[in-house]
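[1] below are the sequence and a predicted model; questions follow.
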Amino acid sequence: MISFVETCRVSFRAIVSNKMRSGLAMLGIVIGVGAVIAMLALGAGATLQIKSVMSSMGSNLLTIRPGTVTSGGIRMGAGSTPSLTLSDATAIKEECPSIEEVLAQYSGVAQVVYGNQNWSTQISGVTEGVFVVNDWQLKLGRPFTEQDIRSAAKVAILGTTVAQELFGYSDPVGETIRIKNIPFQVIGVLEPKGESSWGRDQDDVVMVPVTTAQKRLFGMPRPDMVSSITVKVKSEDLLDRAQEEVTLLLRQRHKISNPQDDDFTVRNMQQAMEAAQESMKVMSLLLGSIASVSLLVGGIGIMNVMLVSVTERTREIGIRMAVGATSKDIMLQFLAESGMLSMTGGAVGVFLGALLSYVLSQAFNWQTVVLPGSVALSFGFSALVGIVFGLYPAYKASLLNPIDALRYE
Amino acid sequence: MALIEVKDVRKVYRMDGVEFEALKGVSFSIEKGEFVIIMGPSGSGKSTLMHILGALDVPTSGSYLLDDREITDMTRDELARVRNAKIGFIFQGFNLLPRMNAMENVELPMLYAGHPTAERKRKAEEALELVGLLDWADHRPNQLSGGQQQRVAIARALVNDAPLLLADEPTGSLDSKTGAQVMEMLVSLNEKRGITVVLVTHDSNIASYGKRVIGVLDGLISSDGSKEKVESRVDVE
Ligand SMILES: Nc1ncnc2c1ncn2[C@@H]1O[C@H](COP(=O)(O)OP(=O)(O)OP(=O)(O)O)[C@@H](O)[C@H]1O
Ligand SMILES: [Mg+2]
């Protein structure tokens, strides 16, 4: 019996002596493993990102959105049913005891002009609760007052990015900017928050009273409509209670008797995170299985090359058998060869996959995480593929009769 | 004691449903230390017989005892072990592995015998020294002449200390001078080491190296005896 180490040496030499063919045989595995690694890294990165976004938002928030969530995804509320309105927000603040503050939002994108400077940015129509709910601080000036909201005042608070773009280093408070050709008085500048974990600049924003956004800037399909309501609950253990209160109140206001007819969704961050993670999981599973198909194709490539190799080396097999190689020796030699091919392909694939995820994260600012588990998984799978798909060619080689193999031309 | 005992060996080849009986019942025995020449016209069944003697092929019927062990009912793995330990086979076409150098080719049987690296190296060097090719150890077959290649093949056949050397027209691809060198080498191995040699040839000059000549004709033994007796009867091409 030839030792395992010697078998591997023999197989290694066969691989090295035909680099071109070995390389082509590995290519499928390299691509397959690389794709699996990159897909899983993207999936893991996105999941992590969702987590950090959610946790940065605070855990005692409830978001209320129009439309309902079914198990499959979001079903928008029917056109005739009333959406969330500003008065819903006011009612929640007045009637739900577990709630500390409410933020109603109605936003759009517009160009902001000051003198000969202009800047296209997000215009957030907000209620005065934005400072408490979204944790904003003012660097300069004053916050919105109830009076501003009620009268749809033409006042604006600038994020630092916008302030910088329009005013440079001079003080914007008291100046007049134009949004959609309407003059707004700047009443304040926000403390910078920096980039969100999605990579978006959170300071690239102009806040105006929600009523101003509704009536003066972005017309409303339905009267008094807002795009979302966020509430801050007094404490984390009141979360369930607050959710209950808000849901009941909104059902009552929207005249809904059957919970299945809800035209809004109330979710806490935990639930939102779970939903997002669930859809991430489905997504990465899908991408992963597409990538595994290419791994399978890689395995078939190896089998193909090994079959050709066995035929081409029939004489070699005959010579080895003539000097005493057993069927098992021959079988192991070819198995080791396909195993090495696929494992080398797997290792190269892991490296390229990791490289690809790094490039993606740099180029598109997507967070990617190469988990050790996914490396082990795809490497193990590629080794398995090599052995499984090498089995038939190796078996075929081992069945050869020494004298027939020697006579083969 | 007989090293080889063949009794009523038949070999039937089947090709596309057509049967051809290449050996029609062959019996003989060869003692240890003999130098036997097998002669006969082309197609008479010499190679078929040698392949059976070399455990490379199995007879359709009959019995073959090698060293008192029945070869015909061995498994494939047992046959492989017999080829490895008991038999050195020398082919007309050398049958060296083209991608390996002389040293590695000679080591090959020891690889399958499971010898450790150091011992393999030592014995391969010894064998190459014996055939006078130690200086050519790192040459590949395509960097060697035909005669040198055949000497590498002889070294490979010797290296596991097999008691039986089988050579099927070992000089068939060589000119008469190198052919003679190879024959001298086989004779000296037979005489100095007591290795049993069975050699197939067409060439009556080569046949003169043997002490005993077995004539084969149409799948049957046509003559068997000492050189002098046989030479006149065997039809040499
Ligand atoms: N694998 C095979 N299948 C079918 N017929 C075969 C096979 N091998 C040999 N034969 C036939 O068996 C007969 C004997 O062949 P063998 O090779 O033993 O002859 P030989 O005496 O060695 O001839 P040569 O001197 O030309 O080498 C030939 O007629 C040959 O055609
Ligand atoms: Mg022949």
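    Okay, I see it. Ligands and ions are numbered 1, 2, ... in the order given.
[2] what sits against the closest residue to chain A within chain B?
    Going by C-beta to the nearest C-beta, chain A is nearest to B:Asn84 of chain B, at 2.4 Å. Quick note: C-beta positions are derived from backbone N, CA and C, even for glycine. Counting by C-beta atoms under 8 Å, 6 or more residues apart in numbering or on different chains, B:Asn84 makes contact with A:Val323, A:Gly324, B:Pro109, B:Tyr112, B:Ala113, B:Asn160.
[3] give me the pLDDT value at the closest residue to A:Val323 other than its chain neighbours.
    Take A:Val323 and drop its neighbours on the chain: the residue closest to it by C-beta to C-beta, 6 or more residues apart in numbering or on different chains is B:Pro109, 4.2 Å away. You'll see B:Pro109 listed with a pLDDT of 96.
[4] quick one: B:Pro109 and A:Ala325 touch, right?
    No: here B:Pro109 does not reach A:Ala325: they are 9.2 Å apart, not a contact under C-beta atoms under 8 Å.
[5] tell me the domain boundaries of chain A?
    Following the assignment in automatic domain parsing, chain A carries domains at A:4-53+A:275-407, A:82-262.
[6] so where's chain B uncertain?
    Within chain B, the stretches falling below the threshold (pLDDT under 70) are B:227-237.
[7] quick one: the helices in it?
    With DSSP state H as the criterion, chain B has helices at B:46-53, B:76-86, B:102-113, B:117-130, B:146-158, B:176-193, B:204-207, B:227-231.
[8] the stretch 101-250 of chain A too?
    For the stretch 101-250 of chain A, helices defined by DSSP state H, counting those that start in this stretch occupy the ranges A:130-133, A:146-150, A:160-167, A:210-212, A:239-253.
[9] can you lay out those as TSV showing distance to ligand 1?
    Converted to TSV, those look like this (distance: least, C-beta to the nearest ligand atom, whole Å):
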stretch	distance to ligand 1
helix A:130-133	89
helix A:146-150	100
helix A:160-167	85
helix A:210-212	93
helix A:239-253	85
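[10] tell me which of these sits most buried.
    Mean neighbour count (mean count of other C-beta atoms under 10 Å in any protein chain shown) peaks for helix A:210-212 among the helices of the stretch 101-250 of chain A, with a mean of 26.
[11] for the residue nearest the centre of chain B, list each beta-bridge partner.
    With the centre of chain B defined as its mean C-alpha position, the nearest residue by C-alpha atoms, centre = their mean is B:Leu166, 1.5 Å away. Bridge pairing for B:Leu166 (DSSP bridges) gives the partners B:Phe89, B:Val198.
[12] and the end-to-end length of stretch A:12-26?
    Stretch A:12-26 has an end-to-end distance of 14 Å (C-alpha to C-alpha, to the nearest Å).
[13] and it, average pLDDT?
    What stretch A:12-26 shows for mean pLDDT is 89.
[14] over to stretch A:359-379?
    This predicted structure assigns stretch A:359-379 an average pLDDT of 85.
[15] over to stretch A:225-242?
    Summarised as a single mean, pLDDT over stretch A:225-242 is 85.
[16] number of residues surrounding A:Leu352?
    Each residue near A:Leu352 was counted by other C-beta atoms under 10 Å in any protein chain shown, and the total is 17.
[17] does the residue nearest to the centre of chain B touch B:Ile195 like I think?
    No: no contact is recorded between B:Leu166 and B:Ile195 when judged using C-beta under 8 Å, the distance being 10.8 Å.
[18] any weak-confidence spans in chain A?
    For chain A, counting by pLDDT under 70, the residues that fall below are A:1, A:53-59, A:68-82, A:196-199.
[19] not counting its neighbours along the chain, what's nearest A:Val310?
    Once chain neighbours are set aside, the closest to A:Val310 by C-beta to C-beta, 6+ apart is A:Ala397, at 4.4 Å.
[20] these two touch, right, A:Thr314 and A:Leu399?
    No: the pair A:Thr314 and A:Leu399 fails to qualify as a contact (C-beta under 8 Å) at a distance of 11.6 Å.
[21] more crowded one of these two?
    The neighbour comparison of A:Thr314 against A:Leu399 (other C-beta under 10 Å) goes to A:Thr314, with 17 against 11.
[22] so how far is chain B from the more buried one?
    12 Å (C-beta to the nearest C-beta, to the nearest Å).
[23] and the next helix or strand past the host helix or strand of A:Leu377?
    Under the criterion of DSSP states H and E, A:Leu377 resides in helix A:372-398. Sequence-wise, the next helix or strand beyond helix A:372-398 is helix A:402-407, with elements assigned using DSSP H and E.
[24] if we check ligand 1, which of the contacts of B:Asn84 are in contact?
    Counting by C-beta under 6 Å from any ligand atom, nothing from the contacts of B:Asn84 sits close to ligand 1.
[25] with that, I have no additional questions.
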